[in-house]
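**Student:** sequence first, predicted model second:
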Amino acid sequence: MDDRIVVDPNICSGKPTVRGTRIRVTNILGMVAGGYTIAGIIDAYPGLTTHDVTAALEYASQVIDEAKVIPRA
């Protein structure tokens, strides 16, 4: 995951983003959920690299593994 994913209160209200962009991890997750491939995400966001996208997915995986998950009613 390197240091590609940053959380800065001055960028996107502190939501995790890809370093040097305003592209949030949640945007990438939403695209994956919508059926996009890594290549498709990079086509949509030409400034991203494969490493950026995989870092976002790894970050999300780590966060969900650490967080207390509250079931939906």
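**Tutor:** Received the coordinates, thanks.

**Student:** centre-most residue in this structure?
**Tutor:** With distances taken as C-alpha atoms, centre = their mean, residue 25 lies nearest the centre of the chain, 1.9 Å away.

**Student:** that one against residue 54, yeah?
**Tutor:** No - Residue 25 is beyond contact range of residue 54, at 11.6 Å (criterion: C-beta atoms under 8 Å). All C-beta spots, glycine's among them, are computed from the backbone N, C-alpha and C.

**Student:** that older thread, ok, now how distant is the residue nearest to the centre of the chain from residue 71?
**Tutor:** Between residue 25 and residue 71 the distance is 22 Å, computed by C-beta to C-beta, to the nearest Å.

**Student:** for residue 21, grab phi and psi.
**Tutor:** phi -130, psi 180 (degrees, to the nearest 10).

**Student:** could you find the closest non-adjacent residue to it?
**Tutor:** residue 47 (6.0 Å; C-beta to C-beta, 6 or more residues apart in numbering).

**Student:** which ones are touching the one you found?
**Tutor:** For residue 47, the contacting residues are 20-21, 23, by C-beta atoms under 8 Å, 6 or more residues apart in numbering.
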